[in-house]
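K.L.:
Just to be clear, the model below is a prediction. Sequence and coordinates:
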Amino acid sequence: MGIFTFQSLLPLMRARQGEAQTMADPFFNEMYAQDGLRPLYQRLENWYQNMPSEFRALKQAEAEDLFRRYGITFAVYGEGGDPDRLIPFDMFPRVFAADEWRRLERGIKQRARALNAFLSDVYDRGEIIRAGRIPADLVYRNEAYEVAVAGFRPPLGVFNHIVGIDLVRTGPDQFYVLEDNCRTPSGVSYMLENREVMMRMFPHLFQENRVAPVDNYARLLKRTLASVAPQKCERDPNVVLLTPGHFNSAYYEHSFLADLMGIELVEGQDLFVEGDFCWMRTTEGPKKVDVIYRRIDDAFLDPLCFRPDSTLGVPGLMNVYRSGGVTICSAPGAEVADDKAIYTYVPEMVRFYLGEAPILENVPTWQCAKPDDLKYVQENIAELVVKEVHGSGGYGMLVGPKSDKATIETFAAKLAENPSNYIAQPTLALSTCPTFVEDGIAPRHVDLRPYCLVGRDIELVPGGLTRVALTEGSLVVNSSQGGGVKDTWVIAEE
Amino acid sequence: MILNVLHKTRYDFQTPVRGIIQSLRLTPAKCDGQEVVDWRVDIPEAIMGTLFRDGAGDYIQAASIRMPCSHIEVTVSGTVDTTDTSGVLRGHRERVPPRAYMRATPRTKPNRAIRDLVETALKGQEETSALERAHLLCAAVADALPYKPGATHAHTTAAEAMNAGVGVCQDHTQVLIAAAHLADMPARYVSGYLNATEDGTPHEASHAWAEIFIDGLGWVGFDASNKSCPNEHYIRLGSGLDAQDAAPIRGLVLGGAEEKLDVTVVIEAQQQ
Amino acid sequence: MLSRTAANLFWMTRYLERSETTARLLDMGFRNALLPNTGGGFRNEWSAILQSKGALQEFTEKYGELKQRNIETFLFFDLDNPSSVAACLRAARENARIVRTALTSQVWDAINVSYQELKALQRRERSSLEVPELTDWSLRTAALIRGAIETTQLRNDGYQFMNLGYAVERADNTARLLDVKYYVLLPSVAYIGSGLDNYQWTALLRALSAHRAYSWAYGGELSAAQIAHFLILNPKFPRSLLSCCLEVNAHLDQLARIYDRSTPAQEAARKLLGELAEARMDDIFDEGLHEFLSRMISENAGLGQCIQDQYLTGDAR
């Protein structure tokens, strides 16, 4: 579920075809809208137009050199591959206006609150299920629902401390949430390093444009983690980051974040359980650990509670956790909110728990388990993206507009056989953003992942990770398939 | 009935190990028909964690030894006052929703044989009450798997036990769980003790049975090994999705070595 | 500090030192191969070098005959050979990568750039690479990294563990080197004390960057006893066993100060230093040089293990 292939997202939305889509460019261009250059990008256009191409090449090389030096050579979203591979960096920033961002921010925070309320609820009385707003089996029979933590309330009732919400834009005011990443979303180091590199290479750009800073992210993250220390912790909490190890493709990010926060980067073997606490092995003897920011999945956390063959976790950790000796972020069991089928109910959660109207929309989803939806999907299958409910990584899905007739027919047969195993979504017209190409700039499709922090407060730094499909016409933003990254700006008000 | 329990588990290691960590589900909780008079868990040299109650209402405790050792002995001793509730679990404080016990684990995944068993057992029983159907399943499992120790082992799955055609209480329980799931009834694995000396049945004193959730009644125990519901001869320790999840002791040896396991359980009804 | 972090720092420098030693051995072998083929000839010399690395059998299994080009490849590039320059540098870089944040950017840069350069060397046509270029590059790289550590790392516990790694590994390497040379060059005890006119000894000293230093210290005459003294007991020579042992003691003492706690490791180091500081060459020859060196190698390994147990596993209380 964490891996998101573009196909899952980028469907071109024929269902809503009509008005704007009949224009020459069916995609919203974030720099050049239908009525010309958006003022937001005025200064960047000047910057680009005054840039000699030799200078550009030089800067591009400099950027690569900087990234290599910083050692940012990891694959994002657990795609694996060569650990020394650089993800292409595009120097043309992606820009949001302050008012655009305000709305996004409200929407993202709202979603983060709703998701946490949902998790607190389903591990407690399950009011939303009793009220008939979400089917019980969708939650309780979900593999990610952890029986072992039912009835346990983590400090401050927070399950999901870092929520990465994947967004796409289809028009000036249309944003859709593609996915809520409730486990341990990766990629935030790119947000920070992209900015760092841009500021180093083009300082004057930041003098001209009032770009809101993102560099306090690490401080906020540390504060968020410290704020959920267990009650038993009586002093300054000892926060650690638990990594699966240096072979993990996101190891660089783990080490980068631990360093920025000034906390230890530990592996399972560095920790042990004794009595009511979890300890880390240091050169001066055992030291108590209060908060664990883990970057490993539930199944591997504790071989005495979950997978007995896990060597990445800490045996006995869940005992300490459940008796209040240590906080685990995100909380074990939080993964259940990270599910494709649950996703469709997030707007419902917003209404149920917060009594508010959802600010951010979901991609419209047809649940083939429902007869009406199934009928629609079967009639329009060539225009839709159809996915397995529990599938991930782009397997077991059909991208209607990109498939031939035979493939569609085969898939339709599978769908008819077991409709409840499938959902369907329209293909969305992803916005584009100017991107450097061989001879100048050209529009390329982008998405966005901002990182919302939930502890005593809810925080969102103004920015995020913008991924860009570097190949012309491509909607694939995955780094393994020719995707790159961009610095993401939020322009403060004049 | 007053039941006295003495349960010793001893591990001997061929070469000393660096340490041990265990999660223990060895302390019974109070419920209707089960009053804990006195209870102790002792492990010499071990540092014990706080006893806490999980969402399923079981008492859980960590124990660890972080120094070289060549053996470890877990001694459980205590007294429980029991009465017969016809297998119905009441007065047990728990937070896990019954529907969470509808999922199969690798150990309770059904196969063709289990599907057939359910189909046969419930044929024409659509109008029968859920409780009655649970009894039918329990009886069917008991008939399908005659009790035979040694033919299956600690990691045998429900499907494998069905193929073997024989089993012990663990196999009966896991097959019954799979069967109940197929009949759309939540079911779970319960581990505990059985005072079996009275009627001379051969079953181990360290015992396991299934609980099936019956709408309107709640969780009800079914012991397929004895084709009955738990009564005052049973002490309930805790539950889980399968034998591993509900194991009274889950442990890990640091610096693993060959180990020899020796378990003795003595249950005695106190003379009144 | 996390025990594992300390272990990574300790092993990072051990691998760096080992990589340098292998490069120096390669240099020595290369110089000897330039000499007129007298006595045992170069075959004997190369096999001694492989023996000192405990790798003769491994080499023969993989390459067969002792051809110089193959030996160069084996000692420098072969990743299957755990003590090749490339394998050690890769291991050092991997240890460094794991504890990136415990290193200054200069140190990481020095190690990482070296590794990138190594990869560039690996890509080059082998026939365009002469041994002097490879060994010069190795020694320059080693000095660069060591310099970056010395000039930029905070003098905290991590710094002490890095230096302990260097010193423990260096003591081991010097002892092995000397042991092998003695075995090959002095097959008979009768040679001990007699004057030596042997190019190969010169090559050894050169490989240790100690040729001129030796001349200054001992007046230029090569004698087995003096060379042994130089490499074992001379506190001025940075690769002597005594120097290494002094280093180990100094850094362990620093650790005891930083942590405000002494451990059996300090005790063990002091004991070894006590013996080396009092040793005289006569006693060493009485014991038998080979026997003495074997014992030193094992005691040094024991000290390394003690450091491991006390600081690097996190099991000590």
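P.N.:
Now that the structure is in, tell me what you want to look at. Numbers count the residues shown, from 1 in each chain, chains lettered A, B, ... in the order given.

K.L.:
Residue A:51 should be in a helix, yeah?
P.N.:
No: assessed with DSSP: H, G, I helix; E, B strand; the rest coil, residue A:51 is coil; it does not lie in a helix.

K.L.:
Is the helix or strand where residue A:61 lies positioned near chain C?
P.N.:
If you go by DSSP states H and E, residue A:61 is part of helix A:53-70. Yes: using CB under 8 Å from any CB of the partner chain, helix A:53-70 comes into contact with chain C via residue A:69. (Each C-beta comes from the backbone N, C-alpha and C, glycine too.)

K.L.:
what does that helix contact?
P.N.:
A:73, A:86, A:89, A:91, A:193, A:196-197, A:200-202, A:436, C:109, C:112 (CB atoms under 8 Å, 6 or more residues apart in numbering or on different chains).

K.L.:
In it, which residues are buried?
P.N.:
Neighbour-count burial for helix A:53-70 flags A:60, A:63, A:66, A:67, A:70 (criterion: 16 or more other CB atoms under 10 Å in any protein chain shown).

K.L.:
Closest to residue A:465 out of those residues?
P.N.:
residue A:67 (14.5 Å; CB to CB).

K.L.:
Could you chop chain B up by domain?
P.N.:
Per automatic domain parsing, the structural domains of chain B span B:2-82+B:249-269, B:98-240.

K.L.:
now swap in chain C and tell me
P.N.:
According to automatic domain parsing, the domains of chain C span C:1-152, C:154-317.

K.L.:
just to revisit the earlier point, any idea which of the domains of chain B is most buried?
P.N.:
Mean neighbour count (mean count of other CB atoms under 10 Å in any protein chain shown) peaks for domain B:98-240 among these, with a mean of 20.

K.L.:
pLDDT score assigned to residue 193?
P.N.:
If you meant another chain, say so; for now it's chain A. Per-residue pLDDT puts residue A:193 at 91.

K.L.:
try again with chain C
P.N.:
The predicted local confidence for residue C:193 is 51.

K.L.:
Would you mind identifying the next helix or strand past the helix holding residue A:61?
P.N.:
Next element after helix A:53-70 (DSSP H and E): strand A:89-97.

K.L.:
okay, the angle between whichever helix or strand comes after that next one and strand A:89-97?
P.N.:
Downstream of strand A:89-97, the first helix or strand assigned by DSSP H and E is helix A:98-122. For helix A:98-122 against strand A:89-97, the angle by axes from the mean of the first three to the mean of the last three CA atoms, to 10 degrees is 90 degrees.

K.L.:
Out of the domains of chain C, which is closest to chain B?
P.N.:
domain C:154-317 (7.3 Å; CB to the nearest CB).

K.L.:
does the closest one come close to chain A?
P.N.:
Yes: contact of domain C:154-317 with chain A (CB under 8 Å from any CB) involves C:157, C:161, C:255, C:259, C:261, C:311, C:312, C:313, C:314, C:315, C:316, C:317.

K.L.:
Run through the stretch 151-300 of chain C and note the low-pLDDT ranges.
P.N.:
Where the stretch 151-300 of chain C drops to pLDDT under 70, the residues are C:182-200, C:220.

K.L.:
now the helices for it?
P.N.:
Ranges of helices in the stretch 151-300 of chain C, per DSSP state H, counting those that start in this stretch, are C:157-185, C:199-207, C:211-218, C:224-232, C:241-259, C:264-278, C:281-287, C:289-307.

K.L.:
just the stretch 101-250 of chain B next, same as before
P.N.:
B:112-122, B:130-144, B:158-164, B:169-182.

K.L.:
now the shortest one, how far from the centre of its chain.
P.N.:
Spelled out, that is helix B:158-164. Put simply, helix B:158-164 sits 18 Å off its chain's centre (CA atoms, centre = their mean, to the nearest Å).

K.L.:
Average pLDDT for that helix, rounded please.
P.N.:
94.

K.L.:
go on, the longest one?
P.N.:
For helix B:130-144, mean pLDDT rounds to 95.

K.L.:
wait, doesn't residue A:313 sit right on residue A:296?
P.N.:
Yes: here residue A:313 reaches residue A:296: they are 6.7 Å apart, a contact under CB atoms under 8 Å.

K.L.:
what touches both of those two?
P.N.:
By CB under 8 Å, 6+ apart, the residues touching both residue A:313 and residue A:296 are residue A:268.

K.L.:
for the residue of the stretch 1-150 of chain B found nearest chain A, phi and psi?
P.N.:
Taking CB to the nearest CB as the measure, the point where the stretch 1-150 of chain B comes nearest chain A is residue B:95, at 2.8 Å. Main-chain dihedrals, residue B:95, degrees, to the nearest 10: phi -120, psi -10.

K.L.:
Report the spatially nearest residue to it, omitting neighbours in sequence.
P.N.:
With CB to CB, 6 or more residues apart in numbering or on different chains as the criterion, residue B:95 has its nearest non-adjacent residue at 2.8 Å, and that residue is residue A:151.

K.L.:
now the contacts of helix A:53-70 as CSV including distance to chain B and neighbour count?
P.N.:
Listed next are the contacts of helix A:53-70 as CSV, based on distance: CB to the nearest CB, whole Å; neighbours: other CB atoms under 10 Å in any protein chain shown:
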residue, distance to chain B, neighbour count
A:73, 35, 15
A:86, 40, 15
A:89, 44, 22
A:91, 49, 21
A:193, 39, 21
A:196, 42, 17
A:197, 44, 21
A:200, 47, 11
A:201, 50, 15
A:202, 53, 19
A:436, 50, 21
C:109, 38, 17
C:112, 35, 19
